[in-house]
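K.L.:
Only the shape, not the letters, is given here:
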C-alpha cells in the first residue's frame, strides 16, 4: 500500500490512476452529469489528481497534506506530474470548479501549497477559499486541521459549519444541474 502514496515526491500518486478509473466507471454505471471527489488530508490532493478524468466535475481539496511540506522549497508542492497539472489547469480554464478548504493557521497544509493548488487548478473557478478561524479562540482547537471531520463544528451559523455547507452547495451545483 505504501507504494500507492507519494509522501515526499512532487508527482502524481500511482493510486490516482485507479481513482480516475473508478470515477469513470461509477459515472458510466450511474449516469448523471459527472462525479464528485472529496480529498481530506493525506488524500486531499487526490481530488485534484482525479480532476484529470473528464467525469470528475466537483473536486473538493480539503487540507491537502501530501506531498509532505518538509522543506521551505517544497511547501508549495501540489503532488501532480507536470502533464497532469497542465490538464487540470486546462479543465479549470474551461470552467471546471475546484473547491479548496483549509484552516488559515494549519501548518499541516501550508498556505503556500494551498495557494499553489488554487493558482494551478482553480484560477478559472469561483471556489478556492481558506476557511477562517472562528472569532473566539475557545471555539476552535489550537491545532485545527480537519475542516470537514474532527474539527467540524456542526452548529448552524458556525463558521466551520459554513465550510461544510459550501461543500454541499458546490457538489449540488455541479452534479445536480438540470435535475
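P.N.:
Ah, there it is. Keep in mind the model is a prediction, meaning the values are calculated, not measured.
K.L.:
residue boundaries of the helices in the protein?
P.N.:
15-30, 44-50, 82-93, 111-121, 159-175 (DSSP state H).
K.L.:
Any idea which of those has the lowest pLDDT on average?
P.N.:
Least confidently modelled of the helices of the chain is helix 111-121, at a mean of 57 by mean pLDDT.
K.L.:
so how many other residues sit close to the nearest residue to residue 152 once chain neighbours are set aside?
P.N.:
In this structure, residue 152 finds its nearest non-sequential neighbour in residue 160, 5.6 Å apart by CB to CB, 6 or more residues apart in numbering. C-beta coordinates here come from the backbone N, C-alpha and C atoms, glycine included. Residue 160 is flanked by 22 other residues according to other CB atoms under 10 Å.
K.L.:
Then residue 158?
P.N.:
The burial count for residue 158: 15, using other CB under 10 Å.
K.L.:
With distance to residue 60 as added columns, please give the helices of the chain in JSON lines.
P.N.:
Below are those laid out as JSON lines (distance: least, CB to CB, whole Å):
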{"stretch": "helix 15-30", "distance to residue 60": "13"}
{"stretch": "helix 44-50", "distance to residue 60": "6"}
{"stretch": "helix 82-93", "distance to residue 60": "14"}
{"stretch": "helix 111-121", "distance to residue 60": "12"}
{"stretch": "helix 159-175", "distance to residue 60": "6"}
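K.L.:
highest average neighbour count across those helices?
P.N.:
Of all the helices of the chain, helix 44-50 carries the top mean neighbour count, a mean of 27, counting by mean count of other CB atoms under 10 Å.
K.L.:
and it, what does it pack onto?
P.N.:
helix 15-30, strand 35-40, strand 56-62, helix 111-121 (3 or more CB pairs under 8 Å, 6 or more residues apart in numbering; DSSP states H and E).
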